[in-house]
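> Sequence first, predicted model second:
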Amino acid sequence: MAELEALKAALPEITAAGARLVVISPQIQRTAREPDDQVPLPLDHLHDRGNEIAKRYGLAFTLPEDLRGVYRSFGLDLAKAHGDDTWTLPMPARFVIDAGGVIRSADVDPDYTRRTEPAETVAVLKTLQKS
């Protein structure tokens with residue numbers, strides 16, 4: 001939840017820099033571990049069915065069968081949450097792309113527990129505003 005709060009706090013600075021926050025995710029519904037009262041952030045959410053886009057960029061992996069059982073034991077049914085039976089997950093990634101479609105900054109980590117701090121994204125945007 002701390003990640004969500006940090007992103008929520010950074011959103012005004014992101015939009016003030018003239019940027020839009022877009023999330024690309026295979027998820028189509030909440031999982032059992034997400035609170036029902038969680039208010040979605042005001043951002044664009046694009047659905048990547050089966051992680052096809054993530055796969056094209058080498059950012060998706062398929063969970064082995066033994067891990068699927070572990071996920072299910074925690075109430076995480078990816079097939080249900082994603083609306084398909086691929087059992088793939090995207091790596092957390094953050095890209096800053098300029099209006100011309102050029103990637104100006106990228107951060108990807110195969111460890112889902114490590115994510116780019118929103119303040120780092122704001123710093124990149126501020127640097128781009130100066131150039």
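Done, it's in. Residues are numbered from 1 along each chain as shown.

> Spatially, what comes nearest to L21 if we skip its sequence neighbours?
L43 (4.3 Å; CB to CB, 6 or more residues apart in numbering). Glycine gets a C-beta too; all of them are placed from N, C-alpha and C.

> Quick one: end-to-end distance for stretch 66-84.
Terminal residues of stretch 66-84 lie 18 Å apart, using CA to CA, to the nearest Å.

> buried sites along that stretch?
68, 71, 78, 81-82, 84 (16 or more other CB atoms under 10 Å).

> Identify the farthest-apart pair in these.
Y71 and D84 (14.9 Å; CB to CB).

> Quick one: the strands in the chain, in order.
Along the chain, the stretches classed as strands by DSSP state E are 22-25, 44-47, 60-62, 88-90, 93-97, 103-108.

> Determine which of the ones you listed approaches K8 most closely.
Using CB to CB, the nearest of the strands of the chain to K8 is strand 22-25, at 13.1 Å.

> What's the mean pLDDT across that closest one?
The average of the pLDDT scores along strand 22-25 is 90.

> The buried residues of stretch 66-84 into a markdown table, with extra columns for pLDDT and distance to A54?
A markdown table is the format used below for these (pLDDT from 0 to 100; distance: CB to CB, whole Å):
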| residue | pLDDT | distance to A54 |
| --- | --- | --- |
| R68 | 92 | 18 |
| Y71 | 89 | 18 |
| L78 | 86 | 13 |
| A81 | 87 | 15 |
| H82 | 89 | 11 |
| D84 | 89 | 13 |
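
> Of those, which belong to helices?
Using DSSP state H, the subset of the buried residues of stretch 66-84 located in helices is 68, 71, 78, 81-82.

> Make TSV from those residues and add distance to I24 to it.
Listed next are those as TSV, based on distance: CB to CB, whole Å:
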residue	distance to I24
R68	23
Y71	21
L78	16
A81	15
H82	13
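
> one step back: packed most tightly, which of the strands of the chain would that be?
strand 88-90 (a mean of 19; mean count of other CB atoms under 10 Å).

> Thank you, goodbye.
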